[in-house]
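> Sequence first, predicted model second:
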Amino acid sequence: MKTIFPKADETLLLDILANADNNVQKASEKLISLGYTKRDFTPPPKVMNRYVDVEKHIGKQADELVKIIPLRPREYTESEKDNSK
């Protein structure tokens, strides 16, 4: 709430939020009716392509750079289990 209404006092914000049953939308409407201005929120820009062509940027083969992590642990045979005991 403090980031949305930076000029409002924190105790006032907490009091209004508590009286609105912790409903941010109701508390925001109450603060606006009291004359506080809402700060414009601009979301960060979206990343269009998260996957980068590794070969293009680094010059090495992608197989050398990418490590595949298995999703489940290795299954041991009975003889391997006996050897570990």
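All right, it came through fine.
> Could I get the contacting residues of Lys7?
For Lys7, the contacting residues are Tyr36, Thr37, by CB atoms under 8 Å, 6 or more residues apart in numbering. Using the backbone N, CA and C atoms, a C-beta is placed for each residue, glycine as well.
> Next one: it from Lys30, what distance?
The gap separating Lys7 from Lys30 is 15 Å, by CB to CB, to the nearest Å.
> try Asp82
As defined by CB to CB, Asp82 lies at a distance of 70 Å from Lys30.
> ditto for Ile4
Computed as CB to CB, the Ile4 to Lys30 distance reads 13 Å.
> again, but for Ala20
For Ala20, the distance to Lys30 - CB to CB - is 6 Å.
> swap in Arg72?
Per CB to CB, Arg72 is found 52 Å from Lys30.
> Ile32 and Lys38 touch, don't they?
Yes. Contact criterion CB atoms under 8 Å: Ile32 and Lys38 qualify, at 6.4 Å.
> Need the pLDDT of Asp63.
Listed pLDDT for Asp63 reads 54.
> Same question for Lys85.
77.
> Ser84 - how many residues pack around it?
7 (other CB atoms under 10 Å).
> Can you tell me how far the residue lying closest to it once chain neighbours are set aside is from Ala27?
Nearest non-adjacent residue to Ser84, counting by CB to CB, 6 or more residues apart in numbering: Tyr76, 7.5 Å away. Noted for Tyr76: a distance of 57 Å to Ala27, by CB to CB.
> more crowded one of the two?
Using other CB under 10 Å as the criterion, Tyr76 and Ala27 rank with Ala27 on top: 22 against 11.
> Quick one: residues contacting that one.
Met1, Leu13, Ile16, Leu17, Asn19, Ala20.
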